[in-house]
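Peer 1: Structural data only, the sequence is not supplied:
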């Protein structure tokens, strides 16, 4: 989450909540272009090295132009607030793979990689999502299900519920599409995991 400095005054805090971080020049420029009449025609995600960015096609007076906006929490929030979908379902899955990767990296840091691995291999199959459950069954964990794993399952459910709400409520996908996109993103994340999830493991993006 973006860092909110404690030295901000009240008005700055409210502005931050409504507009995002001050250091988001790309998003500010996009908002300016939209206020002057441009419309978003399509959005796709490109992963260039370790720096994912969104490629937006804008239309103004029937003229198309391209704008690139780096991935950020502020852009994600704006896109959800405005109901801005990606170009197609495959692109939407790519976006939610990126968001899921960030959430699960934070969860691994919070509960530990061994707890996360045990959680994925035991909890996900019980949820019954077709693709991610099948992927989770192939994971191997030597840790038994204990209190830490059970507590972590609540945190994982919280992450999944939040992402599902973004798909269904903010982006207005129906239930079947929401489930399919999130399940596909989760299955893809699991399939990119190294055999042993550890602190030096490559980030699954």
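Peer 2: The structure has been received and is ready for your questions. No experiment lies behind these values; they were computed from the predicted model shown.
Peer 1: what's downstream of the one helix or strand residue 126 maps to, the next helix or strand?
Peer 2: For residue 126, the enclosing helix or strand under DSSP states H and E is helix 113-127. Downstream of helix 113-127, the first helix or strand assigned by DSSP H and E is helix 130-137.
Peer 1: Tell me which residues are up against the longest helix along the chain.
Peer 2: Ranked by residue count and defined by DSSP state H, the top helix of the chain is helix 89-111. For helix 89-111, contacts defined as CB atoms under 8 Å, 6 or more residues apart in numbering pick out 43-45, 52, 71, 76, 85-86, 116, 119, 148, 151-152, 155-156, 159, 162-163, 167, 171, 173, 177, 180-182, 184-186, 188-189, 197, 203-205. (C-beta placed from N, C-alpha, C; glycine too.)
Peer 1: Could you give me the ChimeraX selection string for whichever of those are buried?
Peer 2: Selection of buried members from the contacts of helix 89-111 for ChimeraX, criterion 16 or more other CB atoms under 10 Å:
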select :43,44,45,52,71,76,85,86,116,119,152,155,156,159,163,167,171,173,180,181,182,184,185,186,188,189,197,204
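Peer 1: Helices - which of the contacts of helix 89-111 land there?
Peer 2: In helices, defined here by DSSP H, the members of the contacts of helix 89-111 are 76, 116, 119, 148, 151-152, 155-156, 159, 162-163, 177, 180-182, 184-186, 188-189.
Peer 1: Quick check: can you list the domain ranges of this protein?
Peer 2: The chain breaks down into these domains under automatic domain parsing: 25-81, 89-191.
Peer 1: With mean pLDDT as extra columns, can I get these in a markdown table?
Peer 2: Formatted as a markdown table, the domains of the chain follow (pLDDT from 0 to 100):
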| stretch | mean pLDDT |
| --- | --- |
| domain 25-81 | 93 |
| domain 89-191 | 93 |
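Peer 1: ok, back up a step: just want the angle from the longest helix of the chain to helix 113-127.
Peer 2: Put simply, helix 89-111 runs at 130 degrees to helix 113-127, going by axes from the mean of the first three to the mean of the last three CA atoms, to 10 degrees.
Peer 1: Identify each buried residue in helix 89-111, please.
Peer 2: 91-104, 107-108, 111.
Peer 1: Please apply the same query to stretch 65-80.
Peer 2: Of the residues in stretch 65-80, 67, 69, 71-72, 74-79 count as buried by neighbour count, 16+ other CB under 10 Å.
Peer 1: Go through the residues you listed and name the one nearest residue 38.
Peer 2: residue 67 (8.7 Å; CB to CB).
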